[in-house]
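# My questions concern the predicted model and sequence given below.
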Amino acid sequence: MGLYERITGEQLPKLAVHTIQALLGEVERERLTGAEAATYLGLSAAEQAEMTTLLGRIVYPRECISLGGYVALSNVGTTYDGSDPARGLGIGLLQTTGITQVIFGVRVNKVGSGTQSWQLWNDTDGSEVTVIDDAGAAGVKNLSITRDFAAPLTADMKVMRVRVKSTTAADDPVYLGATVSLRRASLLTAIELHEILLLADEPPLPYATATALKTRLGV
C-alpha cells in the first residue's frame, strides 16, 4: 500500500483527510512528532517514509517584527542604557503566546574596537531574552542569534527593545535596525480547536478521552 493511494481511496483502508490534516497541525504545533502521527494513522514503514517526505514540504509559519532603525551612538558606554541615544533604540510590543523560538537579527555599522553587545531586552519583565556579543572587526554587518525555549511562553503582551554596550566605552556604533523572527507552537484559535476536536473523534486518536482532550486544551 502507499500513503497517497490510501488518501485517494485507491487502496484500503482509506485515510481520512481531516484526520491527516489535524495530526499534521499538531506536528506543526510541536504537540506530536511525525512518528507519533504515523502511528495514529497506522502507516507501514514505506508509508511512514512517504509521510516524512510530506512533512518536509510543510513550511512552518513565522512572524517578524521590526525594531526601529538608524541611531548613531557616541561613547556608547560599558553598561546598557549608558547614554540617552542608547535608550532610544528599537522598541516593539510583542504578544508572547506560544513562542518556542526567537531569532534576533541586528544590522550595525561597528565603529570602535571593543566587544559590542546587542541585547534583546524584555522591558516589561526587566529580563534579557538574548544577546549578540560582537567581538569582530569594524564595519557594516548583519548579526543574528537564535534562542529556543524549552516550553512555549505564556500569554502576555511584552515591551521588547534593543540595548547596547561595549567593553570600550568610547565606541561609536551606528544602529541600522533590528528584527525579531518568531516561531509559535501552542496557539488555540478556532482553526487549532477544530483540528484538536477532530482528534477526539474516536480511538486510537490522541485525544479520544475526555481527560486527554481537557489536558490538551488546558481546561
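Done, it's in. Residues are numbered from 1 along each chain as shown.
# pLDDT at the spatially most central residue of the chain, what is it?
Using C-alpha atoms, centre = their mean, the residue of the chain that lies closest to the mean C-alpha position is residue 183, 1.8 Å off. Listed pLDDT for residue 183 reads 90.
# Where do the helices of the protein begin and end?
For the chain, applying DSSP state H gives helices covering 3-8, 17-28, 34-41, 45-55, 84-87, 190-198, 210-217.
# which helices and strands does the first one pack with?
Identification of packing neighbours for helix 3-8 by 3 or more C-beta pairs under 8 Å, 6 or more residues apart in numbering; DSSP states H and E yields helix 45-55. Where you see a C-beta, it was placed from the backbone N, CA and C, and this is true even at glycine.
# So which elements touch the helix it packs on?
Using 3+ C-beta pairs under 8 Å, 6+ apart: helix 45-55 touches helix 3-8, helix 17-28, helix 34-41.
# okay if I get those helices as TSV plus mean pLDDT, mean neighbour count and distance to residue 96?
Output for the helices and strands packed on helix 45-55, formatted as TSV (pLDDT from 0 to 100; neighbours: other C-beta atoms under 10 Å; distance: least, C-beta to C-beta, whole Å):
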stretch	mean pLDDT	mean neighbour count	distance to residue 96
helix 3-8	90	16	37
helix 17-28	90	19	19
helix 34-41	92	18	27
